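A.B. asks: my questions are about this predicted structure, shown below with the sequence.
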Amino acid sequence: MKNMKFGIILFLLVIVSFLFIKNSYALEPKEEYTREDMVENILLIGRDGANNNFSSRSDTMIILTIDSLNESLKLTSLTRDTLVKIPNRGYEKLNHAYAYGKEDLLLKTINENFDLNIKDYAVVDFKSFIEIIDIIGGVDIEVSEREINHLNKIIEACYGLNSKKGEIEYITTSGIQNLNGYQALAYARIRKIDTIYKRDERQRIILTNIADKLSNTPITKYPYIVKSLLRYVDVNIAFNKIIKLALASHEFGSYEIKQLEFPVEAYRYETRIGEKRTYVIKWYEDKNKEILHRFIYEN
């Protein structure tokens with residue numbers, strides 16, 4: 001756990017580094033900080049296309065919370081099939097918002113439905129994800145015997161997105177495996193053998209393993225990694241926030257890491273709606289929002 005914490009620190013430092021390069025806003029110092037200043041939320045978006053296609057949906061949505069008030073780093077997975085009210089569109093799945101209006105509409109949908117005020121995001125698509133994983137030398141993931149067959153079927157689909165062609169590589173044994181870019185993407189997309197919630201958990205496992213991998217990367221390689229990542233991540237974070245994160249980053253080593261699947265299990269249910277009998281997740285709003293807000297803003 002200690003090593004993983006350190007990995008996430010370095011992962012955040014890499015984010016801070018390339019954000020620093022990409023932004024040129026003026027720093028606006030404050031005399032004192034509010035509660036919101038002490039809890040930073042960044043929406044991490046995995047786009048399900050291979051390029052910046054307007055019709056792509058958000059395949060992955062994770063709120064990264066840096067809670068300096070309660071000394072915690074938090075990952076909240078927003079289940080893509082959650083039924084929400086999309087502004088000017090009506091009730092649909094949460095991940096449809098990105099297809100209709102990209103980051104702006106997705107943020108607005110999340111904020112209005114969950115009573116949040118997230119302004120910052122980072123976006124990658126499938127090809128970018130593959131490139132990022134390959135740049136850091138793959139990720140070490142424990143693959144179960146039950147996952148192998150389905151994983152290899154998805155590997156065949158993801159292999160076509162790989163820019164570095166060569167003989168396709170399958171997973172043949174269970175246990176800890178070093179997954180390359182297209183294999184890691186396939187692992188993140190496993191769904192049919194269990195549940196969408198387990199799929200979200202796999203995505204969080206990959207995120208923390210990226211961080212853990214960076215913790216073992218020599219600092220001399222960071223300039224190359226930062227320069228390479230610049231090509232694959234779209235962000236909108238303001239310069240003053242980047243500076244604040246950079247200044248506070250040395251404190252993250254003692255922070256507790258927490259995870260949440262949203263909507264929470266006790267206050268959600270799966271159903272089908274409409275003439276097409278579309279699968280969605282309905283949720284009890286008051287209880288879910290209460291738990292979400294306690295998780296993000298409290299200890």
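C.D. replies: That came through, no problem. On a predicted model such as this, the values are computed, not experimentally measured, just so you know.

A.B. asks: now do the strands in the stretch 51-200 of the chain.
C.D. replies: 58-67, 72-78, 83-86, 90-93, 120-124, 139-143, 175-179 (DSSP state E, counting those that start in this stretch).

A.B. asks: okay if I get those as CSV plus mean neighbour count?
C.D. replies: (Glycine included, C-beta is placed from N, CA and C.) Listed next are these as CSV, based on neighbours: other C-beta atoms under 10 Å:
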stretch, mean neighbour count
strand 58-67, 22
strand 72-78, 22
strand 83-86, 18
strand 90-93, 15
strand 120-124, 20
strand 139-143, 18
strand 175-179, 15
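
A.B. asks: export those strands to CSV and append columns for mean pLDDT and distance to Thr278.
C.D. replies: As requested, the strands of the stretch 51-200 of the chain are exported to CSV (pLDDT from 0 to 100; distance: least, C-beta to C-beta, whole Å):
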stretch, mean pLDDT, distance to Thr278
strand 58-67, 87, 17
strand 72-78, 89, 18
strand 83-86, 97, 9
strand 90-93, 96, 8
strand 120-124, 86, 25
strand 139-143, 93, 31
strand 175-179, 95, 32
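
A.B. asks: okay if I get these as TSV plus distance to Glu167?
C.D. replies: Shown next, in TSV, are the strands of the stretch 51-200 of the chain (distance: least, C-beta to C-beta, whole Å):
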stretch	distance to Glu167
strand 58-67	27
strand 72-78	34
strand 83-86	43
strand 90-93	37
strand 120-124	26
strand 139-143	20
strand 175-179	16
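
A.B. asks: count of neighbours near Gly138?
C.D. replies: Gly138 has 17 neighbours, counted by other C-beta atoms under 10 Å.

A.B. asks: with adjacent residues omitted, what lies nearest to it?
C.D. replies: Asn178 (4.5 Å; C-beta to C-beta, 6 or more residues apart in numbering).

A.B. asks: the one you found and Val143 touch, don't they?
C.D. replies: No: Asn178 sits out of contact with Val143 when judged by C-beta atoms under 8 Å, with a separation of 10.6 Å.

A.B. asks: what stretches of the protein score poorly on pLDDT?
C.D. replies: Residue ranges of the chain with pLDDT under 70: 1-37, 49-55, 163, 214-217, 219, 222-223, 225-230, 239-254.
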